[in-house]
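Trainee: Give me the fold of what follows.
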Amino acid sequence: MFTWHNGEVREGLPTTQVWGILFSSDGRVLLKGEIYNGKKVYSFPGGKPEPQDANRVETLRREVLEEVNITIKVPVLVGYQTCIDEGREIAQVRMTAIIEKVGKPKPDVDSKILYERVLVHPQKAIKMLNYSESGKQQVEAAMKVAKVKLGIEEFLDKDEYI
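Mentor: Have a look, this model is predicted:
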């Protein structure tokens, strides 16, 4: 069970994940795709904080580069979802940023998976992610933050594999 929260992580709650809801300059969202158990699944790029990461911004920048070979402009916090992991409540942070540079596709540094990279309208991303209500809330919150803090005015409805 996941519960979405806008804004800063509650004091004392450990962050175990930092994912990016990343926008192209024309308002499309980046999803990474892979075949999992014989089925195509999509997710946001990101991962867990590592000891060398000074903060969640560094975690997100590192993970996005490692997974999909993309650099991003300055990330902004959207919020976090809570869930229970091994008996303790944890935070899974979501940030948003504008895509800065798209590098040539290459396999993930850790998993060696070559992820598909696709830009889609945020509402289509909600369907493709097939997440719970929390996932819908994450994307909708990121759209609001993108308008206010990233200057995204419209969200283009054109799929593009990059």
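Trainee: what does the longest helix belonging to the chain rub up against?
Mentor: Identified as the longest helix of the chain according to DSSP state H is helix 133-149. Contact partners of helix 133-149, identified using C-beta atoms under 8 Å, 6 or more residues apart in numbering, comprise 2-4, 6, 21, 23, 27, 29, 76-79, 81, 94, 96, 122-123, 125-126, 129, 131, 152-153, 155. (Each C-beta comes from the backbone N, C-alpha and C, glycine too.)
Trainee: Verify the contact between residue 53 and residue 59 for me.
Mentor: Yes - contact criterion C-beta atoms under 8 Å: residue 53 and residue 59 qualify, at 4.4 Å.
Trainee: if you count what's nearby, which of the two comes out ahead?
Mentor: residue 59 (25 against 17; other C-beta atoms under 10 Å).
Trainee: Residue 27 - nearest residue in space that isn't next to it in sequence?
Mentor: residue 155 (3.7 Å; C-beta to C-beta, 6 or more residues apart in numbering).
Trainee: how would you label the closest residue to residue 8 other than its chain neighbours: helix, strand or coil?
Mentor: Sequence neighbours aside, residue 77 is the residue nearest to residue 8 in space, at 6.6 Å (criterion: C-beta to C-beta, 6+ apart). Under DSSP: H, G, I helix; E, B strand; the rest coil, residue 77 falls in the strand class.
Trainee: Contact partners for the most centrally placed residue in the chain?
Mentor: The centroid of the chain falls nearest to residue 20 when counting by C-alpha atoms, centre = their mean (2.5 Å). Shown in contact with residue 20 (C-beta under 8 Å, 6+ apart): 30, 44-46, 60, 63-64, 72, 75, 94-97.
Trainee: For residue 46, see how far away it is.
Mentor: 5 Å (C-beta to C-beta, to the nearest Å).
Trainee: Residue ranges in the chain under the pLDDT threshold?
Mentor: Scanning the chain for pLDDT under 70 picks out no residues.
Trainee: and the longest strand along the chain, how far from the chain's centre?
Mentor: In the chain, taking DSSP state E as the definition, the longest strand is strand 88-102. Relative to the chain's own centre, strand 88-102 is displaced by 5 Å; criterion: C-alpha atoms, centre = their mean, to the nearest Å.
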